[in-house]
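*Asks:* what follows is a predicted structure for the sequence shown.
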Amino acid sequence: MTQEVEMKEAQALSNTVSSASVPSTLQHLKEIASLIETGAYAKEVRRIVRAVRLTIMLRRKLKAATLSAFLNFALAPGSEAHSKLSSYLPKEDDRDMDVDTASSAAQGPKHSLPDIEIYCYLLVLIFLIDQKRYDEAKACSSASIARLKNINRRTVDILASRLYFYYSYSHELTNSLAEIRGNLLALHRMATLRHDELGQETLLNLLLRNYLHYNLYDQAEKLRSKAPRFEAHSNQQFCRYLFYLGKIRTIQLEYTDAKESLLQAARKAPVAARGFRIQCNKWAIIVRLLLGEIPERTVFMQKGMKKALTPYFELTNAVRIGDLELFRTVAEKFSSTFSSDRTNNLIVRLRHNVIRTGLRNISISYSRISLSDVAKKLRLDSDNPIADAESIVAKAIRDGAIDATIDHANGWMISKETGDIYSTNEPQIAFHSRIAFCLNMHNEAIKALRFPPNSHKEKESAEKRRERQQQEQELAKHIAEEEDDDDF
Amino acid sequence: MDPQLVEVTQIFARLKAALLRNDFGTCNNLLSQLKVLLTKYPSLPPTFQQTPTAVEELQIARDIYEHAVLLSVKTEDQDAFERDFFQLKPFYTDTCGLIPPSPQECPILGLNLLRLLVQNRIAEFHTELELLPPNALENPCIKHAVELEQSFMEGAYNRVLSARKTVPHDTYVHFMDLLAKTVRDEIAGCSEKAYDSLSVADAKKILMFSSDQELSTYIEEDHPEWEIKNGFVFFQKAKESQPCKEIPSLQLINQTLSYARELERIV
């Protein structure tokens, strides 16, 4: 489904890396390693986040030779981790590599930090996945998870959460997600016990993804509703969570909530995550149709999504017109798309919305119409179309889709005059909810503002402070003098 | 063969015979004996230990639970149905590689869908539906339930009722009877909103009663707010949103004050 969607926040950082005079990838990796090192010693999680981002930037440039050179640099040769990780890399008798290893082995400091070791695992794993060597990736990820279980350090958490992701991803690529479910649950419990909130977030999403992969909506919902929730740490994870939540709610017919989550997920997702946003939009379109809304045309015309959303556009069109025949042809025409999106069952549910829309159109156009005409217009083909039409109309009235009454004796449907909505409290309530939404948005935005810690203090050294105070004093004296002058 | 397994097989044979005779008391006794015996096998869910006799044990256990489900349908015990079905479900979902699929699988899954429909648990109905592979949807038993749900959601209640004649499996008849009751309640709810009044004869037809007596007892029990006068049934309409005469001042003051407070924070 959304494998292709690895939401990368990297874009913004591209200039920070490539601006320098293009040093080698190995050089970059070494810089990142030292970044992690300082981050780990100073316990500054921020630096490690940065390291992960920089790594994603380098992703395309990773080569076996560079990697093994980096491993030699970062890990003591002959150590367990070193030999294990090296075994995953292909042996290449590259002269370049020999030089690198020789030099780095001679001068490179040997780290024993677990952070660096985990980082090496992450690098190798990303490399293996990019090289499409999934079975080795699987083995490597499992080894890394086993190692992670023995490390309890807060600075590792961020690297760990990335590892969890690739662990699940490599299993998804080899279609063996069911195997790791127990492991993921154990990891989630571990993360909860260690108050590793980022890890919990990531693992909860992976578990939900795991369940939804097998359509186990029931289990997914049970887990979701019982797992601890807290303020989101990572926007990406929050987007994913909202998407899964939206899917679960759609299946369980809570369309209003589902729509909210799906639209929020689509809006919060970074622009680069096109595949993810397409998925969100597809589901959101169907949910809105199920709610009886017709999505605007602009939804389908979004940049880069037009082609992917075409089937859903035609479907919307059929629902909008309320034509059962057209709806059936569209559903058949794109059935392969819908079944690969796994939205087929939802499309089947849409049928009664098509009827509803048709009925609403009729109810708006006619103040009184016979039930047999309704049956004809809706193209109900059954043995007893009038009785069918009558009960369908009755249900639509009860569900509030149309405002009408039925005259059974004459076989008519009589539409009621629409009342003046402005004579009720309705507009005021709507206005209030909008104001509340805007105010809430403002508050959330303020809460989300971030400042680097202690930045305002650092700027002002002791010397500067003295200078500033002196200036202030002078100014005050000046003003006082002026006042004195004025007195005369 | 393991002597315990022999015992299980023997009791199971007696259960099958009793089920054919419709001797439900004996069935229930034998079934509870069997269920106790089944707890002794480590090869069954949830442990799924690979014992040498695992395949036979799994197969016989699945067979037993399938019969338990059918028995609960016959005794019209919906709670027992739910319990037995949940015990059976792991056999269908988690033993794919171990034992060949059961011929009873689709009818029983269809029955479960029907049960959810009868109990008006539509959300769970769809959750279960998502679990089925696409080719299972083609199976007549499951298709039947899916089509019923569609007609039910549309409001084409006639189609729901006429589906009783086309049941794919004889155990389905029982649920179809229960479904008729659910449908009647739905129709009553719809009529209440859709009609101002109905003649007693029409009401009787729409609500599927054969005599006036049944109709009036139904109204008394389920809808005491309806009125029968001069051969007509009058429905009491729920009050519609009336034009607002009074200004909800207290609420407005509260809202305005909260806006002021928020604005203060912004400026």
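*Replies:* Received the coordinates, thanks.

*Asks:* stretch A:374-385: how far from the chain's middle?
*Replies:* Put simply, stretch A:374-385 sits 44 Å off its chain's centre (CA atoms, centre = their mean, to the nearest Å).

*Asks:* show me the contacts for the residue of chain A found nearest chain B.
*Replies:* Nearest residue of chain A to chain B, counting by CB to the nearest CB: A:Lys395, 2.9 Å away. No exception for glycine: its C-beta is placed from N, CA and C like everyone else's. Shown here is A:Lys395, whose contacts under the criterion CB atoms under 8 Å, 6 or more residues apart in numbering or on different chains are B:Glu154, B:Gly155, B:Glu186, B:Cys190.

*Asks:* if we go to 6 Å?
*Replies:* B:Gly155, B:Cys190 (CB atoms under 6 Å, 6 or more residues apart in numbering or on different chains).

*Asks:* show me the strands in the chain, by range?
*Replies:* I went with chain A, as the question did not name one. Using DSSP state E, the strands of chain A run over A:368-370, A:404-407, A:412-415.

*Asks:* that's the wrong chain, I wanted chain B
*Replies:* Under the criterion DSSP E, strands of chain B are mapped to B:197-199, B:227-229, B:232-234.

*Asks:* can you put these in TSV and add mean pLDDT, distance to A:Leu85 and mean neighbour count?
*Replies:* Listed next are these as TSV, based on pLDDT from 0 to 100; distance: least, CB to CB, whole Å; neighbours: other CB atoms under 10 Å in any protein chain shown:
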stretch	mean pLDDT	distance to A:Leu85	mean neighbour count
strand B:197-199	83	79	18
strand B:227-229	81	83	12
strand B:232-234	83	80	18
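
*Asks:* look up how far B:Glu57 lies from the residue lying closest to B:Glu56 once chain neighbours are set aside.
*Replies:* The spatially closest residue to B:Glu56, leaving aside those adjacent along the chain, is B:Leu5, at 6.7 Å (CB to CB, 6 or more residues apart in numbering or on different chains). Taking CB to CB, to the nearest Å as the measure, B:Leu5 falls 7 Å from B:Glu57.

*Asks:* one step back: out of the strands of chain B, which comes closest to chain A?
*Replies:* strand B:197-199 (5.7 Å).

*Asks:* which parts of stretch A:27-42 are buried?
*Replies:* Within stretch A:27-42, the residues that qualify as buried by neighbour count (16 or more other CB atoms under 10 Å in any protein chain shown) are A:His28, A:Leu29, A:Lys30, A:Ile32, A:Ala33, A:Leu35, A:Ile36, A:Glu37, A:Gly39, A:Ala40.

*Asks:* taking the residues you listed together, which two end up most distant?
*Replies:* Using CB to CB, the buried residues of stretch A:27-42 span at most 18.6 Å, a distance reached by A:His28 and A:Ala40.

*Asks:* in a markdown table: the strands of chain B, plus distance to A:Ile294.
*Replies:* Conversion of those to a markdown table gives the following (distance: least, CB to CB, whole Å):
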| stretch | distance to A:Ile294 |
| --- | --- |
| strand B:197-199 | 35 |
| strand B:227-229 | 41 |
| strand B:232-234 | 38 |
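
*Asks:* got the ones you listed as JSON lines, with distance to chain A columns?
*Replies:* Compiled in JSON lines, the strands of chain B are given as follows (distance: least, CB to the nearest CB, whole Å):
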{"stretch": "strand B:197-199", "distance to chain A": "6"}
{"stretch": "strand B:227-229", "distance to chain A": "16"}
{"stretch": "strand B:232-234", "distance to chain A": "10"}
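
*Asks:* residues near A:Ile369, how many?
*Replies:* 19 (other CB atoms under 10 Å in any protein chain shown).

*Asks:* for it, which non-adjacent residue is spatially closest?
*Replies:* According to CB to CB, 6+ apart, the nearest residue to A:Ile369 is A:Met413 (5.6 Å).

*Asks:* and B:Leu5 and B:Glu57? Which one has more around it.
*Replies:* Remark: of B:Leu5 and B:Glu57, B:Glu57 carries more neighbours, 22 against 15, as counted by other CB under 10 Å.

*Asks:* surely the more buried one touches B:Ser43?
*Replies:* Yes - when contacts are counted by CB atoms under 6 Å, B:Glu57 is listed as touching B:Ser43 (4.9 Å).

*Asks:* overlap of the contact sets of these two?
*Replies:* Common neighbours of B:Glu57 and B:Ser43 (criterion: CB under 6 Å, 6+ apart): none identified.

*Asks:* okay, now the unreliable bits of the chain?
*Replies:* Because you didn't say which chain, this covers chain A. Along chain A, segments meeting pLDDT under 70 span A:1-23, A:91-112, A:418-419, A:453-462, A:481-488.

*Asks:* I was thinking of chain B, sorry if that wasn't clear
*Replies:* For chain B, counting by pLDDT under 70, the residues that fall below are B:1, B:236-245.

*Asks:* burial of the closest residue to chain A within it, as a residue count?
*Replies:* Across chain B, no residue is closer to chain A than B:Gly155, which sits at 2.9 Å (CB to the nearest CB). B:Gly155: 27 surrounding residues under other CB under 10 Å.

*Asks:* doesn't A:Ala389 make contact with it?
*Replies:* No - assessed by CB under 6 Å, B:Gly155 is found out of contact with A:Ala389, at 9.5 Å.

*Asks:* coming back round to it: hey, what's the residue nearest to A:Ile369 bridged with?
*Replies:* The residues listed as beta-bridge partners of A:Met413 by DSSP bridges are A:Ile369, A:Ile406.

*Asks:* return the residues in contact with it.
*Replies:* Taking CB under 6 Å, 6+ apart, we find A:Met413 in contact with A:Ile369, A:Val393, A:Ala404, A:Ile406.

*Asks:* contacting residues for the second one?
*Replies:* Applying CB under 6 Å, 6+ apart, one finds that A:Val393 lies in contact with A:Met413.
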